[in-house]
Structures are given as structure tokens and as C-alpha cells.
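>>> predicted model and sequence follow; I will ask about them next.
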Amino acid sequence: MSDVLYYQVSTTTDTREAASALAESAVQARLAACAQVLGPITSTYWWEGKIEQAEEFLVLLKTTAERAEALQAHLIAEHSYDVPEVIRTPITGGNPAYLSWVEAETQARG
């Protein structure tokens, strides 16, 4: 079993509205305690055999290890891209009170 208890999950999308919708739906579903939308940013990447460049918006979400798989599935299902970026970065430390808050806010409510 992993020692990681918390993750920061990132994804990008093409509009601020789409980024905000992903952030809100993930927080509403309690798959993430919070989400920040940053941008616009410029992304350079390979797609269908050529280098592309596009303006995108970055979404950073905080979640627990317990909710990370469900968050990933949610982002993929709700995303407009064919192959959306969804990357989980382990949080190896931080403000204990903040991390406790992340834990509390990602618990399913009945």
C-alpha cells in the first residue's frame, strides 16, 4: 500500500468556462476539496503527427488517495478532449490543518 495520502491532480482544457465546469463538478461531487483555474497558458505538444500550440486553462485539484481514482474517472468522463491530460502528483507534505480539511471535504455526504 502506498504511503501517499493526498494528491494534486491537474488537467488542461481549451476554455475558462470548460475549466471552471470541471472544477465545479469535481468539487460538487466531493471528489476534490478545492480546485483552482489558472490561465490562459500556452501549451506546445505533439498531436496526430505534428507539433501543435494552443491556449489552454490549467485546473489544479486537491484530493485524497481514496478519491483519486474516482476523480480521474470523473475528469475523463466530463472532459471535451479525446485524450485529456489527467496527472496525479503526490503531496508529500503540507499544512496538517489544510490536509485534514482536504480529507474532510472529500468525504461522501449522505
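Received it, and whenever you're ready, just let me know what you need. Numbers count the residues shown, from 1 in each chain.

>>> would you list every one of the strands in the protein?
Using DSSP state E, the strands assigned to the chain run over residues 6-13, 34-47, 50-64, 87-91.

>>> quick one, the second one and strand 50-64 angle?
Strand 34-47 and strand 50-64 are oriented at 160 degrees to each other (axes from the mean of the first three to the mean of the last three Cα atoms, to 10 degrees).

>>> and strand 34-47, how far out from the chain middle?
On the basis of Cα atoms, centre = their mean, to the nearest Å, strand 34-47 sits 11 Å off its chain's mean C-alpha point.

>>> compute the inter-axis angle for it and strand 6-13.
Per the same axes, to 10 degrees, the angle that strand 34-47 makes with strand 6-13 is 50 degrees.

>>> now this structure, which segments are flagged as low pLDDT?
Across the chain, the stretches falling below the confidence threshold (pLDDT under 70) are 1-2.

>>> out of the strands of the chain, nearest to H79?
Distance to H79, taken as Cβ to Cβ, is lowest for strand 6-13 among these, at 6.7 Å. Where C-beta positions appear, they are placed from N, C-alpha and C, glycine not excepted.

>>> that concludes my questions; thank you for your assistance.
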